[in-house]
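Asker: Pasting a predicted model and its sequence here:
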Amino acid sequence: MAWYDEAIFYHIYPLGLCGAPKENSYGEPVHRLRELLPWIRHIKEIGCNAIYIGPLFESVGHGYETTDYKKLDSRLGDNQDLTDFVLACHKEGIRIILDGVFNHTGRDFFAFQDIRKNRENSSYRDWYCNVNFGGNNEYNDGFSYENWGGYNLLVKLNQHNPAVRDYICDVIRFWVSEFDIDGIRLDAADVLDFEYMKALRHVANEVKPDFWLMGEVIHGDYTRWVNEGTLHSVTNYHLHKALYSGHNDHNFFEIAHTVKRLYEMGGNRPEGLKLYNFVDNHDVERIYTKLTNKAHFAPVHILLYTLPGVPSIYYGSEFAIEGKKERGSDASLRPALNLDDFSDALSQNPCTRLIARLGTIRQETPALSYGDYRELLLTNRQYAFSRNMDGVSAIVTVNNDDSDFVMTVPAGSANTYIGKLSGETVSAVNGNIVVNVRANSGDIWVPLLGEKNKDSTEVEDILEPLNKPTTLTEPEKMVMEKKPEAAADTADTNSTPSPDSQKTYEDGKVAGLQEAIIAIMESKGPVTDQMRKDVYNQTHYPSLINWIKSF
């Protein structure tokens, strides 16, 4: 078990968040990174315990055209600012990983500048791929070279060159000794040479215990990159796509199929693949923008925090801000934000409160970090699974429909479960629990140990604003008005108290509520035998009350 096994990441694109100029003048440092110090408290308050931040080092524009790997971008400050930021995070128990742009450099990098100056006589001519002094480019260098992504602004490093490997390995050692970082996210890892990555992993094992290497990989068999010889983890773009399109299309089969395939890829073991899960980042549109039904923000994030892998929140998305690519630009995905504008988000913004609550639940529930994965129920619009560890099961139920749905799912060994989001409790009957999953929402059910959560009243408010309001029909109003009397009439069958009177009274209340629920169902349409069975299997009075309220 390492720190990253229990990590909940907060992803920061610093040049954007700090409002830095789009182009670097290479002037005197402007200490914008210090503006992020107040964000540390916010990051901890929403339950994150790790930060992925980058790119950070001197560059021309967006940060991925590195000019100097050992100098903080002057638009953000100086090296002392970065040292102070990492130290402040560590004091709060927050780990830090940086962006490692080791596939290419910018044109202002010293080795490339030496080639421009000395051409064939440069000792760095073999630091880059396919340098051809018989060619040319749009900068009129008088030579051509291999770039990344079709952009000559990004010059591809020759990763087979031992001098390049040694230099980049020394950069990693410098980042650890100078700034005390805890890991690196390798940019464009899916095009890095595997022997090159093995050298980076060797250094990672050397510099610090549990130093984490995570790579940016889009498609393919993730086990090619995630193994003992190369990286610890990669970006889970497979799940990213499934999470938003599976909700937009009301197709939980897409999500479940993706999860099953990835879990099998890791050998059907919880420790097999610990992928970096996300729903948005600095390269893709904001999740709140991508969702057709904004209410799906809740089930999407419940899945993000509970499916196998390491969850990550991109800065600002906890506030449900929007961001859309416009005319090929990523600028709106990387906005400057003032934390003061969101000072009341934890109390007033239901999306922020949900993220914070999910962070707490994740930290309090080891099975969500270490447990195995078992699918329990699957339809286009409903999905349930369990994460199981040392005989303890966390059961996750989600619903992407506009109506509530009653699920009957296998339970673990516990007799009673509590919904960590709703605060509701349910009893296991014949090895199952019957739970009402609210419209466009979900819950995380864990064994109830001791008294009901002290937060249960508060967390009930977390889900309510995210659910679509419902209006009672006339038949529903009639049933709701009759419900107390029905329960009392059923209970008071004998005016003379008997030794079993209390039990009879409790049974009567339950029976009355069951009949009320079935009456409401009948007012909405045909009621199947299975639906009736689900109602009669639920004998827990508070759960029946909440079921009534949900209509």
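Answerer: Nice, I can see it. Numbers count the residues shown, from 1 in each chain.
Asker: For G391, report the pLDDT, please.
Answerer: G391 carries a pLDDT value of 89.
Asker: typed the wrong thing, it's D455
Answerer: For D455, the model assigns a pLDDT of 42.
Asker: Now do the helices in the stretch 51-200 of the chain.
Answerer: All helices of the stretch 51-200 of the chain, identified by DSSP state H, counting those that start in this stretch, fall at 79-91, 110-118, 162-179, 194-207.
Asker: Quick check: which ranges of the stretch 401-550 of the chain have low pLDDT?
Answerer: For the stretch 401-550 of the chain, the stretches with pLDDT under 70 are 450-465, 467-509, 524-525, 530, 539-550.
Asker: just the helices in it please.
Answerer: Ranges of helices in the stretch 401-550 of the chain, per DSSP H, counting those that start in this stretch, are 456-463, 474-491, 501-524, 529-537, 541-550.
Asker: Also the stretch 251-400 of the chain?
Answerer: 252-265, 287-290, 297-306, 345-348, 350-364, 367-370.
Asker: mind checking which helix or strand of the chain has the lowest mean pLDDT?
Answerer: Least confident element among the helices and strands of the chain, by mean pLDDT, DSSP states H and E: helix 474-491 (a mean of 37).
Asker: picking up where we left off before, same list (the helices of the stretch 51-200 of the chain) but as CSV, adding distance to F342, mean neighbour count and mean pLDDT.
Answerer: Where C-beta positions appear, they are placed from N, C-alpha and C, glycine not excepted. Output for the helices of the stretch 51-200 of the chain, formatted as CSV (distance: least, CB to CB, whole Å; neighbours: other CB atoms under 10 Å; pLDDT from 0 to 100):
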stretch, distance to F342, mean neighbour count, mean pLDDT
helix 79-91, 20, 17, 98
helix 110-118, 41, 16, 98
helix 162-179, 28, 16, 98
helix 194-207, 35, 17, 98
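Asker: Any idea which of those gets closest to M265?
Answerer: Of all these, it is helix 194-207 that lies closest to M265, at 17.8 Å by CB to CB.
Asker: quick one: strands adjacent to whatever helix or strand L213 lives in?
Answerer: Assessed by DSSP states H and E, L213 sits inside strand 212-215. According to DSSP bridges, strand 212-215 forms sheet pairs with strand 183-186 (parallel), strand 233-234 (parallel).
Asker: And the contacts of it?
Answerer: Contacts to strand 212-215, defined as CB atoms under 8 Å, 6 or more residues apart in numbering, come from residues 2-4, 52, 97, 182-186, 189-190, 192, 197, 200-201, 204, 225, 230-235, 276.
Asker: and those residues, which are buried?
Answerer: Neighbour counting by 16 or more other CB atoms under 10 Å classes 4, 52, 97, 182-186, 189-190, 192, 197, 200-201, 204, 225, 230-235, 276 among these as buried.
Asker: show me what contacts H296?
Answerer: By CB under 8 Å, 6+ apart, H296 lies in contact with 247-248, 400, 440.
Asker: For these, work out which two are farthest apart.
Answerer: For those, the farthest-apart pair by CB to CB is N248 and N440; their separation is 12.4 Å.
Asker: Between those two, point out the one with more neighbours.
Answerer: N440 (26 against 14; other CB atoms under 10 Å).
Asker: show me what contacts that one?
Answerer: By CB under 8 Å, 6+ apart, the neighbours of N440 are 293, 295-296, 298-299, 399-402, 466-468.
Asker: before we move on, what about I361?
Answerer: 305, 368, 420-421, 444.
Asker: picking up where we left off before, can you put the helices of the stretch 51-200 of the chain in TSV and add distance to G431?
Answerer: TSV is the format used below for those (distance: least, CB to CB, whole Å):
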stretch	distance to G431
helix 79-91	45
helix 110-118	65
helix 162-179	51
helix 194-207	45
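Asker: any idea how far R165 is from M214?
Answerer: 20 Å (CB to CB, to the nearest Å).
Asker: related to what we said a few turns ago, so which of the helices of the stretch 251-400 of the chain is nearest E318?
Answerer: Of the helices of the stretch 251-400 of the chain, nearest to E318 by CB to CB is helix 350-364, at 4.3 Å.
Asker: Which positions in that closest one come out as buried?
Answerer: 350-359, 361-362.
Asker: G359 against I46, yeah?
Answerer: Yes - with contact defined as CB atoms under 8 Å, G359 reaches I46; the gap is 5.5 Å.
Asker: any idea of the mean pLDDT in the strand holding L213?
Answerer: Here strand 212-215 scores 98 as its mean pLDDT.
Asker: who's in contact with T365?
Answerer: 394, 420, 444, 446.
Asker: Look at the last one and say how many residues are nearby.
Answerer: The one in question is V446. The local packing of V446 (other CB under 10 Å) involves 23 other residues.
Asker: from memory it sits against Y417, does it?
Answerer: Yes - counting by CB under 8 Å, V446 does reach Y417; the two are 6.4 Å apart.
Asker: overlap in contacts of those two?
Answerer: I395.
Asker: who wins for proximity to Y145 among the helices of the stretch 51-200 of the chain?
Answerer: helix 110-118 (8.4 Å).
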